[in-house]
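Undergrad: Sequence plus predicted model, see below.
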Amino acid sequence: MPKSSKPWASLTVSLVVTKGEVVSDLVCRTLGFLPEEEGLNVEGIGISSGPDWWIWRYVDNISPEGEEPVAALAAKLAGRADAIRELRQSGYDVRVDMSGTVETGSTLRMSPAVLFDLRALGVPVTFTTVLAGGPGEDPLAWLD
């Protein structure tokens, strides 16, 4: 990485499920969670939801910079590709979102292996950023 470029800070990687009305219990069951586990950290994953969104966020104690959180979430989701496909066929919008704090010239570098693992999930990847020095806002606040 060139000296002048800085990595994204506080990188968060999430599986985001949205629809006009999200049935959280259905999403949990389809992905292999019990509904009462929602809001708990399960297998290193934080789950939260609202009326029209549901998030599965990797919250393990790994570096919040670079590709480590992306690789970790992709590995956790690899066995759930059929469940993700089932949600999409049921009308849910499913994507992986990478969010973080950036400065001008910040970079987010991924190895071909991590990109291949993301591609295998069969969902779009979105990027949400907050400008460093800007308002101290949660990068996922747009879901509310």
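TA: Arrived safely, thanks for sending.

Undergrad: Quick check: next helix or strand after the helix or strand bottoming out on mean pLDDT in the chain?
TA: Ranked by mean pLDDT, DSSP states H and E, the weakest helix or strand in the chain is strand 41-42, scoring a mean of 52. Later in the chain than strand 41-42, the nearest helix or strand by DSSP states H and E is strand 45-50.

Undergrad: What residues of that following strand count as buried?
TA: Residues 45-49 are the ones in strand 45-50 that count as buried (16 or more other CB atoms under 10 Å). Quick note: C-beta positions are derived from backbone N, CA and C, even for glycine.

Undergrad: Name the nearest residue to Ala132, ignoring sequence neighbours.
TA: Glu103 (4.5 Å; CB to CB, 6 or more residues apart in numbering).

Undergrad: So the one you found versus Pro7, what's the distance?
TA: Note on Glu103: its distance to Pro7, by CB to CB, to the nearest Å, is 10 Å.

Undergrad: more neighbours, the two?
TA: More crowded of Glu103 and Pro7, by other CB atoms under 10 Å: Pro7, with 18 against 14.

Undergrad: pretty sure the more buried one is in contact with Thr107, am I right?
TA: Yes: at 6.3 Å, Pro7 counts as touching Thr107 under the criterion of CB atoms under 8 Å.

Undergrad: In this protein, what residue spans correspond to strands?
TA: 9-18, 41-42, 45-50, 53-58, 93-102, 125-131 (DSSP state E).

Undergrad: what residue ranges in this protein score low on pLDDT?
TA: 1-4, 34-45, 59-65, 134-144 (pLDDT under 70).

Undergrad: mind running it again at 50?
TA: 1-2, 37-39, 43-44 (pLDDT under 50).
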